[in-house]
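Undergrad: quick one: sequence and predicted model below, then my questions.
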Amino acid sequence: MLIDGNDEKNFLLSIVVPVYNVEKYLKRCLQSVVRQTYADYEVICVNDCSPDNSQFIIDEYEKRYPQLIKSYINEENLGLGKTREVGINNSNGQYLMFIDSDDYIAPDYIETYYNAMQKGKYDVVIGGYTRDLEGKLKKHFAKHSIWSLATYPIACAKMYRKEFLLKNQVKFSTIRCGEDIYFSMALYCANPQYKVIDYCGYHYYYNRESITGSMNYEKNHEKFIVSIFNEFMENYDIYNLKMKDRKVIEYVYIANMVNALITYGHGGGIRRMKEKYEYWIKDMKKRFPQYRKNPYVGILKPKGQTWKIKLGVGLIGDLEKIHCAKPLLYIISLV
């Protein structure tokens, strides 16, 4: 039984659900989690001091499914990443999965990942996701390449071997935006055995009210990226990595910065884009002085990357190598 902390069952899988201000979506999430074709798992809900009625919903489901669901309440607001770690520390499973509380999963979600995990000695199984934009669904399949591990910054839609994460101290950032970028890089540096599956049973609900959904040119996303890499490079000595892996981390930085400028800079005007661009270049020259020689940056590069990232990062990256990226970014800022 899960209720008595001194008599806990060792489940095969633990699902960690961080909860904050999601009363409109939480029932849908939990309903999808309890209706799985796979049976040997526990659900750990961690309330990150949510000010709404989310805890009442958690209590309701815990009463209905006492052997399946258990909950914790943080003493203070920790943010998404560190709240997930609270769930990890209180989990009993051999494997771990993360589900955000405004998202939901297909009935065969756990079973599909678990079956894939059993086909080899894998540390992580990576799947795609289905984006739910106000009822309009679009599948995004993960690429069968290393880039699904390094530049696919979503901690959900994956199954992890918990022992591997703990042994290699794969953790989340303390930064309150982009926690999954940090986690993905830490996971990549741990050199896991991984498998990619053609499955999109994770439904990512595009919540316009979330931090990511509400991000625009008025919010300096590029500064979040710098903060994430500052913390990462304090905790990981990337210069002890093989040159190939070091260049992968460098590429992750460039890709996220280009995405920040294009996605959150369009429509903001030339002056604001100029500030963002100069902030990026100053940081990049200091952090990665040889960035123009990165072998993964360029049109149609790298192999195995998504076309969207290839085109965006490749075009801006190639133009920056000849000091011509600024005019294109200025045009984007006016669109």
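TA: Looks like it arrived, so ask away. Residues are numbered from 1 along each chain as shown.
Undergrad: quick one: the helices in this protein, in order.
TA: Assigned by DSSP state H, the chain shows helices spanning 26-34, 54-64, 80-89, 109-117, 147-150, 162-167, 179-189, 221-235, 243-265, 270-287, 307-321, 325-334.
Undergrad: export those to a markdown table and tack on distance to residue 128 and mean pLDDT?
TA: Bear in mind the C-beta positions are built from the backbone N, C-alpha and C, glycine included. What follows is the helices of the chain, written out as a markdown table (distance: least, CB to CB, whole Å; pLDDT from 0 to 100):
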| stretch | distance to residue 128 | mean pLDDT |
| --- | --- | --- |
| helix 26-34 | 17 | 98 |
| helix 54-64 | 27 | 97 |
| helix 80-89 | 21 | 97 |
| helix 109-117 | 11 | 98 |
| helix 147-150 | 9 | 93 |
| helix 162-167 | 21 | 98 |
| helix 179-189 | 15 | 95 |
| helix 221-235 | 24 | 94 |
| helix 243-265 | 18 | 93 |
| helix 270-287 | 29 | 94 |
| helix 307-321 | 14 | 90 |
| helix 325-334 | 27 | 92 |
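Undergrad: now the ones you listed as JSON lines including mean neighbour count and distance to residue 299?
TA: Below are the helices of the chain laid out as JSON lines (neighbours: other CB atoms under 10 Å; distance: least, CB to CB, whole Å):
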{"stretch": "helix 26-34", "mean neighbour count": "19", "distance to residue 299": "40"}
{"stretch": "helix 54-64", "mean neighbour count": "17", "distance to residue 299": "46"}
{"stretch": "helix 80-89", "mean neighbour count": "20", "distance to residue 299": "34"}
{"stretch": "helix 109-117", "mean neighbour count": "20", "distance to residue 299": "33"}
{"stretch": "helix 147-150", "mean neighbour count": "22", "distance to residue 299": "16"}
{"stretch": "helix 162-167", "mean neighbour count": "15", "distance to residue 299": "36"}
{"stretch": "helix 179-189", "mean neighbour count": "23", "distance to residue 299": "24"}
{"stretch": "helix 221-235", "mean neighbour count": "18", "distance to residue 299": "23"}
{"stretch": "helix 243-265", "mean neighbour count": "21", "distance to residue 299": "13"}
{"stretch": "helix 270-287", "mean neighbour count": "16", "distance to residue 299": "19"}
{"stretch": "helix 307-321", "mean neighbour count": "18", "distance to residue 299": "4"}
{"stretch": "helix 325-334", "mean neighbour count": "16", "distance to residue 299": "13"}
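Undergrad: quick one: which of these is nearest residue 140?
TA: helix 307-321 (9.9 Å; CB to CB).
Undergrad: who are the packing partners of the closest one?
TA: Counting contacts by 3 or more CB pairs under 8 Å, 6 or more residues apart in numbering; DSSP states H and E, helix 307-321 packs against helix 243-265, helix 325-334.
Undergrad: so for residue 76, which of the ones you listed sits nearest?
TA: Closest to residue 76 of the helices and strands packed on helix 307-321 is helix 243-265 (CB to CB; 28.5 Å).
Undergrad: how about the helices and strands packed on helix 307-321 in CSV, adding distance to residue 160?
TA: Output for these, formatted as CSV (distance: least, CB to CB, whole Å):
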stretch, distance to residue 160
helix 243-265, 19
helix 325-334, 37
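Undergrad: nearest to residue 155, of the ones you listed?
TA: Shortest distance between residue 155 and the helices and strands packed on helix 307-321, using CB to CB, is found for helix 243-265: 14.9 Å.
Undergrad: list the helices and strands that closest one packs on?
TA: The contact analysis (3+ CB pairs under 8 Å, 6+ apart) places helix 243-265 against helix 147-150, helix 179-189, helix 221-235, helix 270-287, helix 307-321, helix 325-334.
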